[in-house]
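Colleague: coordinates for the following, if possible.
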Amino acid sequence: MTPHQLSRDQARRLVVRAQLLDADRPGDVVEVAEQLGYIKIDPTATIAPCEHTVLWSRIGWSYEPGQLRKVVEDDRLLFEFDGTFRPMSLLPLLLPGMRRWPQRESSRQWLEANARFRTDVLARLRAEGPLLASDIPDTAQVSQAPDGWSGSNQVPHMLEFLRRQGEVAIVGREGRHRRWDLAERVYPQDLPVYAEDEAERLLEQRRLQAAGIARPHRWWSGVGKDTGEPAVVEGSTVKYRVDPEALSSLDEDAGGRVAFLNPYDSLLFDRRRLTELFDFTYVLEQFKPKAQRRYGFFAHPILMGDRFVGMLDAEVDREREVLRVDAIHEFVPFDPEETEMVRAEIGDLAEWLGVSVTGVQ
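Modeller: Here you go, the predicted model:
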């Protein structure tokens with residue numbers, strides 16, 4: 001098939017629309033999750049945790065954090081998996097891979113050595129679940145060494161292994177602590193069944209749907225070289241794949257708006273695509289020494305229409321009940337209208353957070 005010839009403007013619009021960041025806002029949490037495929041969970045909350053800023057940047061003022069908890073814990077329309085919230089429609093596509101996990105020999109050996117421990121954990125959940133990891137005794141026969149993220153308690157390791165195999169699931173949270181139960185009591189039981197190759201093909205289609213346009217890459221996009229249709233973008237040597245449905249409606253442009261993106265937002269994940277299409281080289285400065293930071297510890301990129309125009313360095317001070325704006329870094333000086341648009345979005349953000357604003361000049 002002859003590749004589609006796209007301008008960079010067209011390619012950027014495809015990405016922005018696919019990521020629900022154009023002027024046509026989605027209506028609710030489930031709509032966002034279905035389109036994006038996942039909502040990243042991260043506790044860093046200079047402004048708000050990632051899962052909430054991702055949703056606010058799409059839905060806007062009508063989003064309330066309790067809506068996310070409701071669709072996860074009460075309605076069971078989303079489920080937690082690998083540090084993300086995902087729509088339940090993706091679960092049947094993930095199950096084939098869960099059934100063959102683990103593939104790593106060391107993981108298989110650990111599970112085999114802890115067969116009794118595994119049985120203990122499942123029995124405790126069946127009798128008493130849902131439970132926190134701290135409610136379950138550690139009866140492991142063989143321990144994994146602490147890895148810097150977890151301590152010597154083996155229960156979290158076993159729960160993670162069983163989650164990957166589809167035997168247990170996260171039913172909700174108490175603060176940042178996860179509550180676990182048997183998967184059969186959390187996941188729907190009437191799900192369609194797919195062969196592994198068909199499930200992977202459909203997953204790749206969903207990932208391309210979320211991306212709009214993507215470079216085929218196992219890790220950075222999860223999109224295969226035969227997914228969607230081929231595309232070439234002016235000025236780029238990258239061989240892209242494009243979502244044909246998104247391409248067919250490219251001219252139905254709802255226009256742009258200002259959005260502040262959490263540093264872990266899915267649009268920012270493929271750094272090379274950011275550079276190629278948006279001319280934006282993004283570096284997360286969270287783990288840099290303070291003296292080496294240019295924009296701030298957890299500065300949020302500012303998207304205006306289909307271009308990144310600056311970085312917002314801001315933090316919520318809950319004691320003073322203010323959103324403290326330390327800096328608005330402008331890549332190119334804003335004109336008066338752009339300045340007003342960014343300030344208006346900061347005001348909306350503060351109102352959503354329930355605080356006032358300080359620091360904006």
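Colleague: what stretches of the stretch 1-150 of the chain score poorly on pLDDT?
Modeller: With pLDDT under 70 as the threshold, the stretch 1-150 of the chain has low-confidence stretches at 145-150.
Colleague: got a list of what residue 242 touches?
Modeller: Applying CB atoms under 8 Å, 6 or more residues apart in numbering, we find residue 242 in contact with 4, 6, 14, 208, 212-213, 228-231. Placement of C-beta: from N, CA and C, glycine included.
Colleague: if you could redo that for residue 289, that was the one I meant.
Modeller: Residues near residue 289 by CB under 8 Å, 6+ apart: none.
Colleague: I'd assumed residue 9 was in contact with residue 234.
Modeller: No: under the criterion of CB atoms under 8 Å, residue 234 makes no contact with residue 9, lying 9.2 Å away.
Colleague: go ahead and produce PDB holding the CA coordinates of the longest strand along the chain.
Modeller: The residue-count maximum for a strand in the chain (DSSP state E) belongs to strand 307-317. Written as PDB, here are the backbone C-alpha positions of strand 307-317 (Å, rounded to 0.1, in the frame of the first residue of the first chain):
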ATOM      1  CA  ARG A 307       2.100  22.900  19.800                       C
ATOM      2  CA  PHE A 308       4.000  22.800  23.000                       C
ATOM      3  CA  VAL A 309       4.600  26.400  24.000                       C
ATOM      4  CA  GLY A 310       6.100  26.300  27.500                       C
ATOM      5  CA  MET A 311       6.300  24.600  30.900                       C
ATOM      6  CA  LEU A 312       4.200  25.300  34.000                       C
ATOM      7  CA  ASP A 313       6.200  25.100  37.200                       C
ATOM      8  CA  ALA A 314       3.500  25.100  39.900                       C
ATOM      9  CA  GLU A 315       2.700  23.400  43.200                       C
ATOM     10  CA  VAL A 316      -0.300  23.100  45.500                       C
ATOM     11  CA  ASP A 317       0.300  24.400  49.000                       C
END
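Colleague: sorry, back to before: among the contacts of residue 242, name the ones in helices.
Modeller: Among these, the members falling in helices (DSSP state H) are 14, 208.
Colleague: so what does the longest strand of the chain touch, helix or strand wise?
Modeller: Using 3 or more CB pairs under 8 Å, 6 or more residues apart in numbering; DSSP states H and E, the elements in contact with strand 307-317 are helix 271-278, strand 300-304, strand 322-330, helix 336-353.
Colleague: ok, which stretches of the stretch 101-250 of the chain are strands?
Modeller: 131-132, 168-174, 177-182, 213-214, 229-233, 240-242 (DSSP state E, counting those that start in this stretch).
Colleague: so of these, which one's packed in deepest?
Modeller: Highest mean neighbour count among the strands of the stretch 101-250 of the chain (mean count of other CB atoms under 10 Å): strand 213-214, with a mean of 28.
Colleague: direction included, what does that one pair up with?
Modeller: Applying DSSP bridges, strand 213-214 is found paired with strand 240-242 (antiparallel).
Colleague: quick check: mean pLDDT across the partner strand?
Modeller: The average pLDDT for strand 240-242 rounds to 97.
Colleague: before we move on, back to that, in TSV: the contacts of residue 242, plus distance to residue 339.
Modeller: Formatted as TSV, the contacts of residue 242 follow (distance: CB to CB, whole Å):
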residue	distance to residue 339
4	37
6	31
14	28
208	36
212	29
213	31
228	39
229	40
230	41
231	35
